[in-house]
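Colleague: what follows is a predicted protein model with its sequence.
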Amino acid sequence: MTERVDAVVIGAGHNGLVAANLLADAGWEVLVCEAADTPGGAVRSAEITAPGFVNDLASAFHPMGAASPVLRDLDLPAHGLRWRHAPAVVAHPTLDGRCAVLHRSVDDTAAALDADHPGDGDAWRALAADWDRIGGDVLEAALRPFPPVRAAGRLLRTLGAGDALRLARMLVQPVDRMARERFGGSAAALLLAGNALHTDLGPDSAASAAYGWLLTMLGQQIGFPVPVGGSGALTDALVARLATRGGRVECGRPISSVLVHRGRATGVADAAGNRIAARRAVLADVDAPRLYRDLVGEEHLPARFVADLDRFHWDFSTVKLDWALDGPVPWAAPGARSAGTVHLGADVDGLRRYAADLTSGRLPEDPFLLFGQMTTADPDRSPPGTESAWTYTHVPRGLGWGTDDVLRWADRMEQVVEAHAPGFRSLIRARAVAGPADLEAQDANLVDGAITGGTCAPHQQLVFRPVPGLGRADTPIDRLFLSGASAHPGGAVHGGPGGNAARAALAATGRTGPLYRGAVRFAHRRLYA
């Protein structure tokens with residue numbers, strides 16, 4: 001017998017759960033089907049190193065999540081989510097003794113930058129003041145459905161035409177160029193370029209300034225908070241909220257295909273052959289190539305769309321280590337001891353070489369590491385006097401590494417940490433190592449260890465994500481919506497793709513639904529003729 005619901009959501013990652021919540025708010029009967037045994041995708045926690053040590057399996061610090069208007073509208077604190085902060089936000093030590101620190105206070109950050117180069121403190125205050133004035137509208141424009149007419153209009157009224165053009169110029173700049181235009185010293189450049197490399201864009205990449213500026217200003221305004229008890233607490237809050245509205249999450253139920261009839265998604269089939277009919281919509285929190293090739297099938301798609309999909313550009317692969325440490329990390333740079341997030345391994349020139357190696361398909365000679373001190377941020381993560389910590393770095397795609405290769409690279413990563421924190425290795429009680437294949441096994445959307453659902457480069461953003469099109473969640477299949485990180489606005493934990501997919505589904509079935517769907521079909525016919 002076929003089960004029937006208003007909407008089926010494929011995947012219980014945070015975007016799928018956001019979409020399900022918004023549809024349930026509208027009164028829809030929603031079923032979320034998740035292949036894994038637990039919900040959350042890349043937003044999960046577990047004791048994978050030693051008893052009593054909570055490790056985040058993928059995402060850890062959540063400046064975008066804490067600031068996101070999409071998640072804010074869901075009021076997740078009412079469903080158990082609580083945030084905590086490390087005393088300092090980000091530190092970037094270098095082996096020559098420098099250490100740039102992003103403090104919670106603007107004045108503290110400015111004072112440290114003035115010590116590096118007189119006058120940089122005032123330049124920092126000006127940058128932070130600009131963010132305070134427009135940051136809310138920038139986030140609305142970035143995360144809401146494309147085109148962001150209202151938020152863009154507010155930005156234009158606030159800035160005026162001249163400053164709006166200056167903002168646009170800054171957003172498409174390489175982050176190193178942006179830093180050179182505003183600051184005389186190296187500390188601000190380290191903070192901005194290091195934060196830009198939370199994506200796959202190096203200091204000289206176009207639009208890396210947008211990401212470096214966004215993450216750094218969010219860090220200055222709200223910090224890099226963590227969910228109390230682990231990132232899985234954010235998922236737990238989404239699941240709990242959905243349950244109060246009658247939505248269901250079924251784990252251990254992989255979906256094998258999207259059912260398509262006369263160009264419309266009518267439901268899904270699970271791996272056991274059971275069918276679920278969707279009266280209104282199917283939403284997919286999966287990567288774009290897998291949705292279209294494996295679940296839908298190329299025979300249901302325009303040939304030109306399939307050809308565009310062949311050019312989908314993944315971000316780099318990732319290797320991640322988690323540790324249970326017997327004490328705090330013995331950083332040589334005092335400024336790193338109180339920061340939740342630490343950037344390791346290179347100054348700006350080193351970051352440039354690291355990015356060039358990756359782009360050229362070479363293993364970086366000097367890997368750049370993102371390091372998380374989770375107990376420093378949230379004392380509930382490990383026993384008193386200990387530290388739950390992690391690090392990750394990127395490597396070229398397609399290495400095909402086996403276990404021994406990953407372990408050798410993990411040792412190289414630990415060497416980098418040891419160079420900045422002599423005695424670090426003596427504190428390791430236990431560790432867990434995840435290479436690209438391990439990350440994909442944990443979450444099928446992390447294809448070959450790609451963590452942002454596709455490159456953050458401009459050629460695959462906005463109307464180019466995941467392929468040239470509308471920049472929206474709508475797909476060439478009627479009533480099928482892409483709600484994962486492969487869709488605009490892309491990766492990170494902010495709920496944007498899930499929120500946009502839910503809104504598109506509601507628009508397609510609302511009072512003006514026939515007009516909306518007709519306009520989408522017309523646009524797709526023109527785009528993929």
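Modeller: Nice, thanks for sending it over. Numbers count the residues shown, from 1 in each chain.

Colleague: ok, and the closest non-adjacent residue to His198?
Modeller: Closest residue in space to His198, ignoring its immediate chain neighbours: Leu215 at 5.9 Å, by C-beta to C-beta, 6 or more residues apart in numbering. The C-beta positions use only the backbone N, C-alpha and C, and glycine is treated the same way.

Colleague: how about residues contacting the helix or strand harbouring the one you found?
Modeller: Taking DSSP states H and E as the definition, Leu215 sits inside helix 208-222. Residues from elsewhere that reach helix 208-222, judged by C-beta atoms under 8 Å, 6 or more residues apart in numbering: 63-64, 66-67, 89-90, 102, 106, 109, 127-128, 131-132, 135, 138, 142, 170-179, 191-196, 198-199, 201-202, 224, 456.

Colleague: let's see which of the residues you listed end up in helices.
Modeller: 63-64, 66-67, 106, 109, 127-128, 131-132, 135, 138, 142, 170-171, 175-179, 191-196 (DSSP state H).

Colleague: out of these, which are buried?
Modeller: 63-64, 66-67, 106, 109, 127-128, 131, 135, 138, 142, 170-171, 175-176, 178-179, 191-196 (16 or more other C-beta atoms under 10 Å).

Colleague: where does pLDDT dip in this protein?
Modeller: Residues of the chain meeting the criterion pLDDT under 70: 1.

Colleague: let's see 90
Modeller: Along the chain, segments meeting pLDDT under 90 span 1-2, 97, 345-346, 529.

Colleague: per the record, what domains does it have?
Modeller: 3-35+252-313+452-527, 107-215 (automatic domain parsing).

Colleague: deepest-packed of these, please.
Modeller: domain 3-35+252-313+452-527 (a mean of 21; mean count of other C-beta atoms under 10 Å).

Colleague: start to end distance for that one?
Modeller: One end of domain 3-35+252-313+452-527 to the other measures 35 Å (C-alpha to C-alpha, to the nearest Å).

Colleague: next secondary structure after whichever strand or helix holds Met413?
Modeller: Using DSSP H and E, Met413 maps to helix 403-420. Using DSSP H and E, the next helix or strand after helix 403-420 towards the C-terminus is strand 428-434.

Colleague: by contact count, what packs against that following strand?
Modeller: strand 317-325, helix 403-420 (3 or more C-beta pairs under 8 Å, 6 or more residues apart in numbering; DSSP states H and E).

Colleague: list the contacts of that strand.
Modeller: So strand 428-434 is contacted by 48-50, 53, 55, 319-326, 386, 406-407, 410, 442 (C-beta under 8 Å, 6+ apart).

Colleague: run the last query once more with 6 Å
Modeller: Strand 428-434 is contacted from outside by Ile48, Thr49, Ala50, Lys320, Leu321, Asp322, Trp323, Ala324, Asp326, Val406, Ala410, using C-beta atoms under 6 Å, 6 or more residues apart in numbering.

Colleague: any idea how far the helix holding Leu215 is from the chain center?
Modeller: Mean-position distance between helix 208-222 and its chain equals 14 Å (C-alpha atoms, centre = their mean, to the nearest Å).

Colleague: wait, doesn't Pro396 sit right on Ser360?
Modeller: No. Pro396 lies out of contact with Ser360 (C-beta atoms under 6 Å); the separation is 8.2 Å.

Colleague: the two: which is more packed in?
Modeller: Using other C-beta atoms under 10 Å as the criterion, Pro396 and Ser360 rank with Pro396 on top: 17 against 9.

Colleague: relative to Ala485, how far out is the closest residue to the more buried one other than its chain neighbours?
Modeller: Excluding its sequence neighbours, the residue lying closest to Pro396 (C-beta to C-beta, 6+ apart) is Gly361, at 4.7 Å. According to C-beta to C-beta, to the nearest Å, Gly361 stands 23 Å off from Ala485.

Colleague: kindly report the same for Ala307.
Modeller: 22 Å.

Colleague: next: Pro63.
Modeller: For Pro63, the distance to Ala485 - C-beta to C-beta - is 17 Å.

Colleague: ok, now which ones touch Pro330?
Modeller: Counting by C-beta under 6 Å, 6+ apart, Pro330 has contacts Ala421, Gly423.

Colleague: is it in a helix, a strand, or coil?
Modeller: Secondary structure state of Pro330, per DSSP: H, G, I helix; E, B strand; the rest coil, is coil.

Colleague: for Asp137, see how far away it is.
Modeller: Counting by C-beta to C-beta, the gap from Pro330 to Asp137 is 43 Å.

Colleague: do Gly80 as well
Modeller: 30 Å.

Colleague: mind listing residues that contact stretch 459-479?
Modeller: 145-146, 260, 263-265, 281, 288, 301-302, 305, 308-309, 312-313, 454, 481-482, 486-488, 500-501, 504, 520, 523-524, 527.

Colleague: and the nearest residue in space to Ala473 that is not next to it in sequence, helix, strand or coil?
Modeller: Nearest in space to Ala473, with sequence neighbours left out and distances taken as C-beta to C-beta, 6+ apart, is Ala501 at 3.8 Å. The local conformation at Ala501, judged by three-state DSSP, is helix.

Colleague: tell me the contacts of Ala501?
Modeller: Per C-beta under 6 Å, 6+ apart, neighbours of Ala501: Ala19, Leu283, Ala473, Phe481, Ser483.
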